[in-house]
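Asker: I'll drop the sequence and a predicted model, then ask my questions.
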Amino acid sequence: QKEVEQNSGPLSVPEGAIASLNCTYSDRVSQSFFWYRQYSGKSPELIMSIYSNGDKEDGRFTAQLNKASQYVSLLIRDSQPSDSATYLCAVWPGGSYIPTFGRGTSLIVHP
Amino acid sequence: SAVISQKPSRDICQRGTSLTIQCQVDSQVTMMFWYRQQPGQSLTLIATANQGSEATYESGFVIDKFPISRPNLTFSTLTVSNMSPEDSSIYLCSVRGTDHYEQYFGPGTRLTVT
């Protein structure tokens, strides 16, 4: 069974710090990787996608992918209290029509 | 990405009744998906709805409990039938992106069964 693992947290960081969120996956042939942000009571919002090894930066967000080690991470620089949310990792393994979602990591950014 | 709307946004229902959730997309899509997210849990796919054919249900979900309609390429409904408190959850409609299989979600329907 294809699995996507995340630490449930909560991960607590001070405002202005770098938040590092990690995700591992079991299917070695996975091809697409996504990070979603979900505020309490809201639906998941796609914030980053990455498809090849290395880093991808978008504003304060950086996604990192290492296929050999089967992990993907999300870095949030200059964390703000508004970044406090649950972050879901999703992996599309290929051969399937939908990605597999992790349980999410709760991030708390305190002033 | 597509703009997805759902109705109702929330509802409180009594045990044994049924609720139909509507999902509207602003563009034509081949596949629409229905997810459930129980408190503190991740997303669980209920079924995939294709226009013109019966929905495909995931393990643990059956058509009698969660009938789905897909009358055209922009609309779908999910009915939660004979509800029990265990059906209290957020129900999400989703469509798939065209490039890399990313999922886009509607705002969700928060259902509470008493």
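Answerer: Right, received. Where do you want to start?
Asker: need the contact partners of the helix-or-strand element of chain A with minimal mean pLDDT.
Answerer: Lowest by mean pLDDT, DSSP states H and E among the helices and strands of chain A is strand A:100-101, with a mean of 91. Residues from elsewhere that reach strand A:100-101 (C-beta atoms under 8 Å, 6 or more residues apart in numbering or on different chains): A:2-4, A:25, A:27, A:36, A:88-93, B:42-43. In this view, the C-beta of every residue, glycine as well, is placed from N, C-alpha and C.
Asker: partners of that strand, with directions?
Answerer: For strand A:100-101, the paired strands and their directions (DSSP bridges) are strand A:85-92 (antiparallel).
Asker: returning to that earlier point: now the contacts of strand A:100-101: which count as buried?
Answerer: When the contacts of strand A:100-101 are checked for burial by 16 or more other C-beta atoms under 10 Å in any protein chain shown, the buried set is A:4, A:25, A:27, A:36, A:88, A:89, A:90, A:91, A:92, A:93, B:42, B:43.
Asker: now for the residues you listed: which two are most distant?
Answerer: The span of the buried ones among the contacts of strand A:100-101, defined through C-beta to C-beta, is set by A:27 and A:36 at 18.6 Å.
Asker: can you list the residues of chain B near chain A?
Answerer: Within chain B, the positions near chain A by C-beta under 8 Å from any C-beta of the partner chain are B:1, B:31, B:33, B:41-43, B:45, B:48, B:90, B:92, B:96, B:100-108, B:110.
Asker: on that earlier part again, pull the most distant pair out of the contacts of strand A:100-101.
Answerer: Using C-beta to C-beta, the pair of the contacts of strand A:100-101 lying farthest apart is A:27 and A:36, separated by 18.6 Å.
Asker: strands of chain A, start to end?
Answerer: Using DSSP state E, the strands of chain A run over A:4-6, A:11-14, A:19-25, A:32-38, A:45-50, A:54-58, A:61-66, A:71-76, A:85-92, A:100-101, A:105-110.
Asker: what angle sits between the longest one and strand A:105-110?
Answerer: It stands for strand A:85-92. 150 degrees (axes from the mean of the first three to the mean of the last three C-alpha atoms, to 10 degrees).
Asker: count the neighbours of residue 75 for me.
Answerer: This is for chain A. Here the count is done by other C-beta atoms under 10 Å in any protein chain shown, and residue A:75 has 17 residues near it.
Asker: wrong one, chain B
Answerer: By the measure other C-beta under 10 Å, the count of residues near residue B:75 is 15.
Asker: for residue 9, what are its contacts?
Answerer: In the absence of a named chain, chain A is used. Shown here is residue A:9, whose contacts under the criterion C-beta under 8 Å, 6+ apart are A:105, A:106, A:107, A:108.
Asker: my bad, chain B
Answerer: Per C-beta under 8 Å, 6+ apart, neighbours of residue B:9: B:107, B:108, B:109, B:110.
Asker: so the first one is in which element?
Answerer: Spelled out, that is residue B:107. Under DSSP states H and E, no helix or strand contains residue B:107.
Asker: done for today, thanks.
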